[in-house]
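K.L.:
One predicted model, sequence on top.
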Amino acid sequence: MRFEDYPIVLCELSEDEGGGYLAFLPDFGLTCCSGAGDDIAEALELLEDVYEDIVKIMEEDGRPLPQPTGFRDVYKKWKD
């Protein structure tokens with residue numbers, strides 16, 4: 001799978017949370033694959049770096065990557 005195949009959830013962080021943005025791939029779990037940055041571009045760049053590291057580790061361990069979830073499934077999952 002490619003990074004671009006997975007839906008990304010992007011959240012603006014409040015000043016109390018340190019400001020900036022948090023991006024994560026829900027298919028990998030909330031805390032497993034995320035990146036935070038001062039702006040959206042930095043958060044996405046860091047997220048892609050983390051994704052590449054996770055993919056490498058999973059492949060080395062012989063674990064399959066999760067299948068990308070469609071947008072409607074992601075929306076439903078986080079809405080409930």
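P.N.:
Now that the structure is in, tell me what you want to look at.
K.L.:
the longest helix in the chain is where?
P.N.:
helix 40-61 (DSSP state H).
K.L.:
Averaged pLDDT, it. What do you get?
P.N.:
Throughout helix 40-61, pLDDT has a mean value of 95.
K.L.:
Show me what counts as buried in it.
P.N.:
Along helix 40-61, these residues count as buried under the neighbour rule (16 or more other C-beta atoms under 10 Å): 43, 44, 46, 47, 48, 50, 51, 55. All C-beta atoms are positioned from the backbone trio N, CA, C, and that covers glycine.
K.L.:
Now tabulate the residues you listed in a markdown table and tack on distance to residue 24.
P.N.:
Below are the buried residues of helix 40-61 laid out as a markdown table (distance: C-beta to C-beta, whole Å):
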| residue | distance to residue 24 |
| --- | --- |
| 43 | 9 |
| 44 | 11 |
| 46 | 11 |
| 47 | 7 |
| 48 | 12 |
| 50 | 9 |
| 51 | 10 |
| 55 | 15 |
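K.L.:
quick one: secondary structure of residue 23?
P.N.:
Secondary structure of residue 23, reduced to three states by DSSP: H, G, I helix; E, B strand; the rest coil: strand.
K.L.:
Wait, it touches residue 33, no?
P.N.:
No - the criterion here is C-beta atoms under 8 Å, and residue 23 misses it with residue 33 at 9.3 Å.
K.L.:
Can you work out which residues contact both of those two?
P.N.:
residue 47 (C-beta atoms under 8 Å, 6 or more residues apart in numbering).
K.L.:
now for the longest helix of the chain, which elements pack on it?
P.N.:
In terms of contacts (3 or more C-beta pairs under 8 Å, 6 or more residues apart in numbering; DSSP states H and E), helix 40-61 is packed against strand 9-12, strand 21-24, strand 34-37.
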